[in-house]
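Colleague: pasting the structure only:
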């Protein structure tokens, strides 16, 4: 019987890992199977475009199984636990898979209650349904105070900058100016961090940009209560921030079932790995990447692409009984859309931070190109040597309107 590599998760991390591994191993050597509870692949970089009418929801989701190279199996199932002693994944339907190598690419999900209770004034932002609901709410919003709130410490800190909430703020400024009601909208950015970013250069540059766009920032504020009925955020110190509409980026956790697998994850469900080799600390034939690993890097397509290269290389070395390479340095390049056909580039590693560039149309053009390549080059693993940043293509996908 062939040896088997099992990959849990069919998002960009799992898909990239599977497609790159297939290039190195023939089916006669290894069976590669991807398992996920859903057969939908969301183009996550385009999600922030949806609330502003810059991407059509139906155009940014495709069948996950069809993004896999020939010879890769796909199974729709929900994992229940992993038995590290017997190298077995158990599923909720009672079935199980034995593996020779396990790759965890299970992503991250909102913690229960992380965005407060349901309310017309409080809308979370994490998945496609919430992005569509927010699009509809923004269309109805004719003025008032819109607060963008990061609920709790985001994945990627203390090294990473929470890019998506900032990008949302910048595009909201553009969106309301396009609607000619910006003078009636007060935009506010609320973050538990000390500034707009978690590292000095990025924090200064992004903070200045927020100020230039008349977006008020409240740092070091973690809402303990999100009161949708009365329209206010409250922290443990009794301070409050009023709002007419709150967009909440919830605190995230790893897949809940991971905590039922002793030795795999920390208390928030993120897999404990060596941050340079991506090998699980508790079992050498288990690896993780992307949000599942909870590495201190921004959520970025370029970060996942770099991680996938290291992971595949180290799986090959592991299977050949060779020492692993500690080659992943935390590299993450992010293009941040700032509206009006411009974007800026943030580039960092675990130990270094590049000075953020100025807003430019060239960076925006690169972002649009990256989005067009997502399905045809990034997911198939053909962009191995191309650093593609996490951002949306802010040319409307099938909408036919003018980009910001």
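Modeller: Yep, it's here. Only a predicted model underlies this, so the values are computations on that prediction, with no experimental measurement involved. Residues are numbered from 1 along each chain as shown.
Colleague: which stretches of this protein have low pLDDT?
Modeller: Within the chain, the ranges that satisfy pLDDT under 70 run 1, 113-118, 153-161, 354-355, 383-404.
Colleague: Show me what secondary structure element comes after the top helix by length along the chain.
Modeller: Counting by DSSP state H, the longest helix found in the chain is helix 301-319. Downstream of helix 301-319, the next assigned helix or strand under DSSP states H and E is strand 332-339.
Colleague: after that next one, next one along is what?
Modeller: Going down the chain from strand 332-339, the next helix or strand is strand 342-348, by DSSP H and E.
Colleague: Now do the buried residues in the following helix or strand past that next one.
Modeller: Once strand 342-348 ends, the next helix or strand along the chain (criterion: DSSP H and E) is helix 361-373. The neighbour-count check on helix 361-373 (16 or more other CB atoms under 10 Å) flags 363-364, 366-368, 370-371, 373 as buried. Yep, even glycine has a C-beta here, placed from its N, CA and C like the rest.
Colleague: and if you look at stretch 342-355?
Modeller: 342-348, 350, 353.
Colleague: Looking at those residues, spot the one nearest residue 196.
Modeller: Lowest distance from residue 196 to the buried residues of stretch 342-355 (CB to CB) belongs to residue 346, with 11.0 Å.
Colleague: how much space between that closest one and residue 163?
Modeller: In this view, residue 346 and residue 163 are 7 Å apart by CB to CB, to the nearest Å.
Colleague: Then residue 86?
Modeller: Residue 86 sits 40 Å away from residue 163, taking CB to CB as the criterion.
Colleague: So for these two, which sits in the more crowded spot?
Modeller: Set side by side, residue 86 and residue 163 show more neighbours around residue 163, with 26 against 10, by other CB atoms under 10 Å.
Colleague: could you list every residue that touches the more buried one?
Modeller: 298-300, 334, 336, 346, 390 (CB atoms under 8 Å, 6 or more residues apart in numbering).
Colleague: now residue 329
Modeller: Contacts of residue 329 by CB under 8 Å, 6+ apart are 276, 349-351.
Colleague: Distance to residue 239 for the residues you listed - can I get that in a markdown table?
Modeller: Shown next, in a markdown table, are those (distance: CB to CB, whole Å):
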| residue | distance to residue 239 |
| --- | --- |
| 276 | 40 |
| 349 | 35 |
| 350 | 34 |
| 351 | 35 |
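Colleague: Please report how far residue 375 lies from residue 247.
Modeller: Going from residue 375 to residue 247 by CB to CB gives 28 Å.
Colleague: The two: which has the busier surroundings?
Modeller: The residue with more neighbours, out of residue 375 and residue 247, is residue 247; 23 against 15, by other CB under 10 Å.
Colleague: and the nearest residue to residue 281 once chain neighbours are set aside, what does it touch?
Modeller: With sequence-adjacent residues excluded and distances taken as CB to CB, 6 or more residues apart in numbering, residue 281 is closest to residue 272, at 4.9 Å. Taking CB under 8 Å, 6+ apart, we find residue 272 in contact with 264-266, 280-282.
Colleague: mind running it again at 7 Å?
Modeller: Applying CB atoms under 7 Å, 6 or more residues apart in numbering to residue 272 gives the contacts 265-266, 280-282.
Colleague: want to throw those residues into a markdown table with distance to residue 33, secondary structure and neighbour count?
Modeller: Formatted as a markdown table, the contacts of residue 272 follow (distance: CB to CB, whole Å; DSSP: H, G, I helix; E, B strand; the rest coil; neighbours: other CB atoms under 10 Å):
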| residue | distance to residue 33 | secondary structure | neighbour count |
| --- | --- | --- | --- |
| 265 | 22 | strand | 28 |
| 266 | 27 | coil | 13 |
| 280 | 19 | strand | 24 |
| 281 | 24 | coil | 13 |
| 282 | 22 | coil | 15 |
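Colleague: how far does the strand or helix carrying residue 20 sit from the chain's center?
Modeller: Using DSSP H and E, residue 20 sits within helix 12-24. Relative to the chain's own centre, helix 12-24 is displaced by 18 Å; criterion: CA atoms, centre = their mean, to the nearest Å.
Colleague: how about the helices in the stretch 101-250 of the chain?
Modeller: With DSSP state H, counting those that start in this stretch as the criterion, the stretch 101-250 of the chain has helices at 128-140, 163-178, 200-212.
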